[in-house]
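> Below are the sequence and a predicted model; questions follow.
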Amino acid sequence: MPIACLLVPSFALACELAERPSLASRPVALADIAGLRVEDSTAEAARRGARPGMTLREAVAFCPSLAVVTPHPARAARAAEALVDAMAMVSPLVEEAAPGTVFADLVGLVGASGLYPERGMVEHAVLEAAPRALTPRLGVAERRFTAYAAARSVTAGGAAAGEVAVGEAPARYFPAGAGPASGLEVGEVGEASVPAALRIEPDEAVTFLAGKPVEWLPLDGERRERLRLLGIETMGAFALLPRHTVEAQFGVAGGRAWLAARGEDPTALRPRPFARERVIEQAEAQPPLVSREAVQLTTQQLLGRALRQPRAQRRFVRVVRLRAVTEDGRLWERTQTMKEPTGDRERLWTAVRPLLEYADYPGPIAELELELGGLTAESGRQGGLFVDRTRVREQLDEMVRHMKVRYGQSPVARVVDVEPWSRIPERRHALLEYDP
Amino acid sequence: MTDKRRRADGLLPLGLPVPVRVQVDAAGLPSTVTLGGQQGGAPLAVEQVDEAWRIAEEWWRETPLGRTYYRVIVDGGRPLMLFHDDLAASSPAGTGTAGANLEGDWYEQRY
């Protein structure tokens, strides 16, 4: 099962740099949302001492020429969606593992019977569709983690990165535009932004991964630190350990990482729902919305429009997602999962309204987006096993109480086991007056 | 709910036997059945006796219980479960006279 990974390292920072190409030659740090600490920094800034986690004051002290950019989550969210859309151009099975990291299942797409008969055409199609300013990298391999490592290995301009102990370079590497179906133009911000792809064949995975740092493995910080303290720096060294000792020390996650380091990552792709299972409605507010009531009214309109879309007709909604973008690019997002799918506008609004009433918006709202997701194909409702039974029991009790008042006795009885083992049938079960 | 069938503990037994009229053949097996109550009407011919068994319970008490059950198929293919109250009958099941009307001793019951 060939899997592709489209990756933009340091995604939030890359989004800001893409907006300001003039900063490409300078050391740059991304501030956190509070504007107090360094969230991320370019390699040049890190080399000069401005590292993630330190305060901005400290970072500037280390690197006086440091340019600090503030994050724009809305911009990052749009860029992340553009990456997902680029992958969706070639495959219907796409998973966004994290903003800036998108996987796609390429099974059946490549080969004589596939949509892309020649090797490299898929890579070319993805990279052509992806926003070039972000300099995305693409890795293709048989397994998910190998594809990720391949994407992470590609550097802008064409050299493989992250080699700790360099093995034989087995992978086919080509900058986009030099692939089999060439024609990709050079990015607007110069040679450094030329995106590229790397494909790792199944029999090359072990050799390819052997020299990569263990920091890339899907392990938490504590486990990675333990590996470092044990002197295990490369995936090759990690993969040489017996599996049972790795699992004894690092648990299930360690076992999974061990398989990943051997090019046998068992993690399956979790594709996002198909586009036909959701509808999206957007509204732009000019001037921006400042009152809660205005936001609620606009959302109500969006809900009505979304439910009128043909795709939502006679369907039930499982998830409602609200997204608001402030005029300065900040993002507010909430998701409400319905206890039971519904297509009723009033019920949906009842679920959504509290989100808006108690929202703490980061500023005046310039854009509002409402998404109805998880649209079911059913037009009926499946009752819950327990919730509804409780409701029914309450209704029944109430009704029986009324009838008891009216007739002086309960007209309802329940069947009880008396002597279910008896050979005499009339001794087995009996009716007992139901008295709530 | 006042019901004569209700027990002293307030429970109303389910599956109580319903009296029926039965005619037996020479071997003492049911040959026709006339159902009581709303199901009553013309006698139904017994096409087949699938199974017969006897239970004897509470023989240590003053009112022991003895029944002979018959699973029969009546005219039209309808299955019925009949039993003969052996201890209440003047002539025990299996020894009755052919054509005897043993009303009062025969019951239909869901087993």
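Good, I have the coordinates.
> Show me what from chain A comes close to chain B.
With Cβ under 8 Å from any Cβ of the partner chain as the criterion, chain A meets chain B at residues A:409-411, A:413, A:415-416, A:418, A:423-433. For glycine as for every other residue, the C-beta is placed from the backbone atoms N, C-alpha and C.
> where exactly do the strands run in chain B?
Applying DSSP state E to chain B gives strands spanning B:12-13, B:18-19, B:21-24, B:30-34, B:44-57, B:65-74, B:78-85, B:106-108.
> How about the stretch 251-400 of chain A?
If DSSP state E, counting those that start in this stretch is used as the criterion, the strands of the stretch 251-400 of chain A fall at A:279-289, A:317-326, A:331-342, A:365-373.
> do the lowest-mean-pLDDT helix or strand in chain B and chain A meet at all?
For chain B, using mean pLDDT, DSSP states H and E, the weakest element among its helices and strands is strand B:12-13, scoring a mean of 88. Yes: residues of strand B:12-13 are located near chain A by Cβ under 8 Å from any Cβ, namely B:12-13.
> could you say what helices and strands that strand packs with?
strand A:429-433 (3 or more Cβ pairs under 8 Å, 6 or more residues apart in numbering or on different chains; DSSP states H and E).
> which residues touch the longest helix seen in chain A?
In chain A, assigned by DSSP state H, the helix with the most residues is helix A:387-407. Helix A:387-407 is contacted from outside by A:339, A:410-412, A:434-436, using Cβ atoms under 8 Å, 6 or more residues apart in numbering or on different chains.
> Provide the strand pairings for the next helix-or-strand element following it, with the direction of each partner.
Beyond helix A:387-407 on the C-terminal side, the first helix or strand identified by DSSP states H and E is strand A:413-417. Here strand A:413-417 has these sheet partners by DSSP bridges: strand A:429-433 (antiparallel).
> Can you get me a residue count around A:Ala97?
The number of residues packed near A:Ala97 is 16, by other Cβ atoms under 10 Å in any protein chain shown.
> my read: it touches A:Ala104, true?
No: distance between A:Ala97 and A:Ala104: 11.1 Å, which falls outside the contact criterion (Cβ atoms under 8 Å).
> which stretch among the strands of chain B comes nearest A:Glu284?
Between A:Glu284 and these, the shortest gap by Cβ to Cβ is with strand B:12-13, which sits at 70.1 Å.
> in its sheet, what does that closest one sit against?
Strand B:12-13 has these strand partners (DSSP bridges): strand A:429-433 (antiparallel).
> For the strand it pairs with, which residues meet the burial criterion?
Of the residues in strand A:429-433, those buried by neighbour count under the rule 16 or more other Cβ atoms under 10 Å in any protein chain shown are A:429-431, A:433.
> same check, this time on stretch A:334-341
Of the residues in stretch A:334-341, A:336, A:341 count as buried by neighbour count, 16+ other Cβ under 10 Å.
> What's opposite B:Leu44 in the beta bridge?
Here B:Leu44, judged by DSSP bridges, has bridge partners B:Val33.
> What distance do you get for it to chain A?
Distance check for B:Leu44 against chain A: by Cβ to the nearest Cβ, to the nearest Å, it reads 21 Å.
> What residues does chain B have near chain A?
Residues of chain B lying near chain A by Cβ under 8 Å from any Cβ: B:1, B:7, B:10-17, B:55, B:57, B:65, B:109-111.
> Just list the residues touching residue 80, thanks.
All of this is about chain A. If you count contacts by Cβ under 8 Å, 6+ apart, A:Ala80 has them with A:11, A:96, A:99-100.
> Hmm, no, I was thinking of chain B.
Residues near B:Leu80 by Cβ under 8 Å, 6+ apart: B:33, B:71-74, B:108.
> And the pLDDT for it?
At B:Leu80 the predicted local confidence, pLDDT, stands at 93.
> how far away is it from B:Glu47?
11 Å (Cβ to Cβ, to the nearest Å).
> Residues that sit against both of these two, list them.
Once Cβ under 8 Å, 6+ apart is applied, the residues that B:Leu80 and B:Glu47 both contact turn out to be B:72-74.
> who wins for most neighbours among those residues?
Comparing the shared contacts of B:Leu80 and B:Glu47 on neighbour count, B:Val72 comes out first with 24 neighbours (neighbours: other Cβ under 10 Å).
> my read: it touches B:Leu44, true?
No: using Cβ under 8 Å, B:Val72 is not in contact with B:Leu44, being 9.3 Å away.
> that older thread, could you dump the strands of the stretch 251-400 of chain A to JSON lines with mean pLDDT?
Output for these, formatted as JSON lines (pLDDT from 0 to 100):
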{"stretch": "strand A:279-289", "mean pLDDT": "86"}
{"stretch": "strand A:317-326", "mean pLDDT": "90"}
{"stretch": "strand A:331-342", "mean pLDDT": "85"}
{"stretch": "strand A:365-373", "mean pLDDT": "90"}
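> Most neighbours among the contacts of helix A:387-407, please name it.
When those are compared by neighbour count (other Cβ under 10 Å), A:Val412 ends up highest, at 17 neighbours.
> Tell me who's in contact with it.
Listed by Cβ under 8 Å, 6+ apart, the contact set of A:Val412 reads A:396, A:400, A:403, A:433-434.
> measure the residue lying closest to B:Leu87 once chain neighbours are set aside to B:Asp105 for me?
Ranked by Cβ to Cβ, 6 or more residues apart in numbering or on different chains and with sequence neighbours excluded, the top spatial neighbour of B:Leu87 is B:Gly66, at 4.6 Å. Taken as Cβ to Cβ, the spacing of B:Gly66 relative to B:Asp105 amounts to 11 Å.
> quick one: common contacting residues for the two?
Common neighbours of B:Gly66 and B:Asp105 are listed as B:Asp85 (criterion: Cβ under 8 Å, 6+ apart).
> just for the stretch 101-250 of chain A, where's the confidence low?
Applying pLDDT under 70 to the stretch 101-250 of chain A picks out residues A:156-195.
> what about the strands in it?
A:101-105, A:137-141, A:172-175, A:196-199.
> Could you save those as a markdown table and add columns showing mean neighbour count?
As requested, the strands of the stretch 101-250 of chain A are arranged in a markdown table below (neighbours: other Cβ atoms under 10 Å in any protein chain shown):
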| stretch | mean neighbour count |
| --- | --- |
| strand A:101-105 | 25 |
| strand A:137-141 | 27 |
| strand A:172-175 | 18 |
| strand A:196-199 | 25 |
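> ok so, going back, is it possible to mark the buried ones in the contacts of A:Ala80?
A:11, A:96, A:99-100.
> Farthest-apart pair in those, please.
Using Cβ to Cβ, the pair of those lying farthest apart is A:Phe11 and A:Glu96, separated by 11.1 Å.
> What residue in the stretch 251-400 of chain A comes nearest to chain B?
Nearest to chain B, among the residues of the stretch 251-400 of chain A, is A:Val400, at 12.3 Å (Cβ to the nearest Cβ).
> From the recorded domain assignment, give the ranges for chain A.
In terms of domains, chain A is parsed into A:11-72, A:74-261, A:275-373, A:387-433 (source: automatic domain parsing).
> most packed of the ones you listed?
Here the criterion is mean neighbour count by mean count of other Cβ atoms under 10 Å in any protein chain shown, and of these the winner is domain A:74-261, at a mean of 19.
> Quick check: end-to-end length of it?
35 Å (Cα to Cα, to the nearest Å).
> related to what we said a few turns ago, looking at the strands of the stretch 101-250 of chain A, which is closest to A:Glu264?
Between A:Glu264 and those, the shortest gap by Cβ to Cβ is with strand A:137-141, which sits at 11.3 Å.
> thought B:Asp75 was touching B:Leu44?
Yes: counting by Cβ under 8 Å, B:Leu44 is a contact partner of B:Asp75 at 5.0 Å.
> the more surrounded of those two?
Here B:Asp75 and B:Leu44 are set side by side on neighbour count (other Cβ under 10 Å), and the busier one is B:Leu44, at 20 against 13.
> is it true that that one touches B:Gly77?
No: shown here, B:Leu44 and B:Gly77 do not form a contact pair, counting by Cβ under 8 Å, at 10.9 Å.
> And for A:Pro362, nearest residue in space, chain neighbours not counted?
Leaving aside its sequence neighbours, A:Pro362 sits nearest to A:Arg330 (Cβ to Cβ, 6+ apart; 4.0 Å).
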